[in-house]
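Peer 1: Have a look at this prediction, sequence included:
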Amino acid sequence: MVELLKLFLIFFKVGLFTIGGGLAAIPLIQEEVVVRGWLTTAEFANMIAISQSTPGPIGVNVATFVGYSQFGPLGSIIATLGIVAPSVIIIIIVSKFLNKFRKNKYVEGVFVGIRPAVTALILVAAYLIAKVSLVNIPLYESTNKLIDLMDFGAIIMFLVFLFAINKWKQHPIFYIVIAGIIGIFVF
């Protein structure tokens, strides 16, 4: 019971201090989950990939997956409630005072100040994902060859999909399915 309360409080804290959506939550969640030894960095990166390809907000999906991985179905419910509860509470409070906040210069200033921080959090999330996906640190550490540091298959696949997404503008599910099929055979 204490562990479930701790799980709830961890994700409540993440939900409370994450502004800018689920991608901004990834570094906070990773810090909590990896430090506690619940997941390795590679497992966390896989969870992010799965969370991106399933319906719903990525932060909620990651919380649900982490909760399930540690405490089963009840853990997934507790983690999900933890990450969404702050938003629900804040929305209820803000809705009561919306007209007062709407034109307040201090509130506008806060949001202008928050934007760069949210951008930085999203860039950190992208960096963490790239570090796990495009770089092979364990192979490099075992061989000490610089050429082994880069996962060229993953980098080529990333560049091909980056080009394809910008060139042909297909639905994201199309690219996810194709990447999954290629991943089965290449990796």
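Peer 2: Cool, the structure landed.

Peer 1: For the chain, give the helix that spans the most residues.
Peer 2: helix 58-96 (DSSP state H).

Peer 1: so how far is it off the chain centroid?
Peer 2: 14 Å (C-alpha atoms, centre = their mean, to the nearest Å).

Peer 1: just stretch 149-158 next, same as before
Peer 2: 21 Å.

Peer 1: Over to the most centrally placed residue in the chain. Which of the three states is it?
Peer 2: Using C-alpha atoms, centre = their mean, the residue of the chain that lies closest to the mean C-alpha position is residue 26, 3.5 Å off. What DSSP: H, G, I helix; E, B strand; the rest coil gives for residue 26 is helix.

Peer 1: can I have the helix or strand of the chain with the lowest mean pLDDT written out in CSV, keeping just the CAs?
Peer 2: The weakest-scoring helix or strand in the chain, judged by mean pLDDT, DSSP states H and E, is helix 98-102 (a mean of 70). In CSV, the C-alpha atoms belonging to helix 98-102 read as follows (Å, rounded to 0.1, in the frame of the first residue of the first chain):
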residue,chain,number,x,y,z
LEU,A,98,-11.1,32.4,-15.6
ASN,A,99,-12.3,35.9,-16.4
LYS,A,100,-10.0,37.5,-13.8
PHE,A,101,-7.0,35.5,-15.1
ARG,A,102,-7.7,36.1,-18.8
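
Peer 1: pLDDT below threshold where in the protein?
Peer 2: Residue ranges of the chain with pLDDT under 70: 99.

Peer 1: Spell out the residue ranges of the helices in it.
Peer 2: So, for the chain - with DSSP H - the helices run 2-17, 22-35, 41-53, 58-96, 98-102, 105-133, 137-143, 152-168, 172-186.

Peer 1: mind giving me the domain split of the chain?
Peer 2: Residue ranges for each domain of the chain read 2-133, 135-187, as given by automatic domain parsing.

Peer 1: and those domains, which is most packed in?
Peer 2: domain 2-133 (a mean of 16; mean count of other C-beta atoms under 10 Å). C-betas here are computed from N, CA, C, even on glycine.

Peer 1: Tell me the span between the first and last residue of that domain.
Peer 2: 35 Å (C-alpha to C-alpha, to the nearest Å).

Peer 1: Contacts only, for residue 132.
Peer 2: Taking C-beta atoms under 8 Å, 6 or more residues apart in numbering, we find residue 132 in contact with 41, 42, 44, 45.

Peer 1: so residue 157 touches residue 185, yeah?
Peer 2: No: counting by C-beta atoms under 8 Å, residue 157 stays clear of residue 185, with 11.3 Å between them.
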